[in-house]
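Participant: predicted model follows, preceded by the sequence.
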Amino acid sequence: MQMEAANVRGMDNAGAVAEADVVVLCVPFEHLTSVTGDLRDFYQSQIVISPVVPMIYNGRFFQFNPPAEGSAAMLARSLLPEGVRVVSAFHTICAAALQDRERVMKGDAFICSDEAEAIDITAELAGEIKSLRPLKAGPLAASPMVESLTPFLLNVARKNKIKNAGIAVISS
Ligand SMILES: NC(=O)c1ccc[n+]([C@@H]2O[C@H](COP(=O)([O-])OP(=O)(O)OC[C@H]3O[C@@H](n4cnc5c(N)ncnc54)[C@H](OP(=O)(O)O)[C@@H]3O)[C@@H](O)[C@H]2O)c1
């Protein structure tokens, strides 16, 4: 397999945010505030994509556990400067499957945002990453519904022993 030359550099979070056009907040929910609010001064007009899922395991099943703002993406929105374009996406995409270069992904990538251009750029990225099918799922205010699909999916996968589960919308 031919590998394309990668352009990868290491830097601290503040430097990476300041230089980026698109920031992906791929951190556990408990660190969302530190990569948004604490770094507020380094954000300007970036597109910020949140795949973050606030959830807990209550001893019996996974449960959506959103902050007072309604969702992780809405919390990020409240902590970031006005000019930043927040997108909520990729919550139902399995990280292990993403890392397997050979694997064809069958799931859909649901995208919520108030910014049309940011939705289009996120959709393009989804297609580039793994030919995922990007689907618009509404404004950022709809992001709690998309985030809550992850604990639902984990419960279904666990109860039915499905590995690398995803969600695809069908048309019959
Ligand atoms: N895993 C999945 O399949 C999946 C699917 C959909 C959505 N998500 C969401 O994606 C997010 C990341 O999930 P994950 O499974 O990749 O979690 P993870 O492996 O526990 O953490 C991801 C990364 O977050 C970094 N991190 C931790 N604290 C940080 C901080 N204060 N500042 C900057 N980076 C920090 C860690 O860096 P270090 O390695 O340096 O500690 C780690 O590389 C979560 O919000 C999760 O809900 C995950």
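Facilitator: Cool, the structure landed. Numbers count the residues shown, from 1 in each chain.
Participant: the bottom helix or strand of this structure by mean pLDDT?
Facilitator: Using mean pLDDT, DSSP states H and E, the weakest-scoring helix or strand in the chain turns out to be helix 95-99, at a mean of 86.
Participant: dihedrals phi and psi, the most centrally placed residue in the chain?
Facilitator: Nearest to the geometric centre of the chain sits Pro51, at 1.8 Å (C-alpha atoms, centre = their mean). The phi and psi values for Pro51, taken as degrees, to the nearest 10, are phi -100, psi 10.
Participant: same thing with Ser143?
Facilitator: The main-chain torsion angles of Ser143 are listed as degrees, to the nearest 10 and equal phi -60, psi -30.
Participant: gap between Phe61 and the ligand?
Facilitator: In this structure, Phe61 lies at 16 Å from the ligand, with C-beta to the nearest ligand atom, to the nearest Å as the measure. The way it works is simple: take the backbone N, C-alpha and C, and place the C-beta from them, glycine included.
Participant: that residue against Asn155, yeah?
Facilitator: Yes: here Phe61 lies in contact with Asn155, judged by C-beta atoms under 8 Å, at a distance of 4.9 Å.
Participant: coming back round to it: so what's the residue nearest to the centre of the chain up against?
Facilitator: The contact partners of Pro51, by C-beta atoms under 8 Å, 6 or more residues apart in numbering, come to Val24, Leu25, Cys26, Ser88, Ala89, Phe90, His91, Ile93.
Participant: rerun that using 7 Å as the cut-off
Facilitator: Contacts for Pro51 were tallied using C-beta atoms under 7 Å, 6 or more residues apart in numbering; they are Cys26, Ala89, Phe90, His91.
Participant: from these, list the buried ones, please.
Facilitator: Buried residues within the contacts of Pro51, defined by neighbour count using 16 or more other C-beta atoms under 10 Å: Ala89, Phe90, His91.
Participant: not counting sequence-adjacent ones, nearest residue to the last one?
Facilitator: When you say that, I think you mean His91. Spatially, and ignoring its direct neighbours in sequence, His91 is nearest to Thr150 (4.8 Å; C-beta to C-beta, 6 or more residues apart in numbering).
Participant: just give me the neighbour total for that neighbour.
Facilitator: Residues contacting Thr150 under the criterion other C-beta atoms under 10 Å number 20.
Participant: ok, Lys130 next?
Facilitator: By the criterion of other C-beta under 10 Å, Lys130 has 17 neighbours.
Participant: ditto for Asn58
Facilitator: Each residue near Asn58 was counted by other C-beta under 10 Å, and the total is 10.
Participant: Gly15 now?
Facilitator: Other residues near Gly15 come to 12 when the count uses other C-beta under 10 Å.
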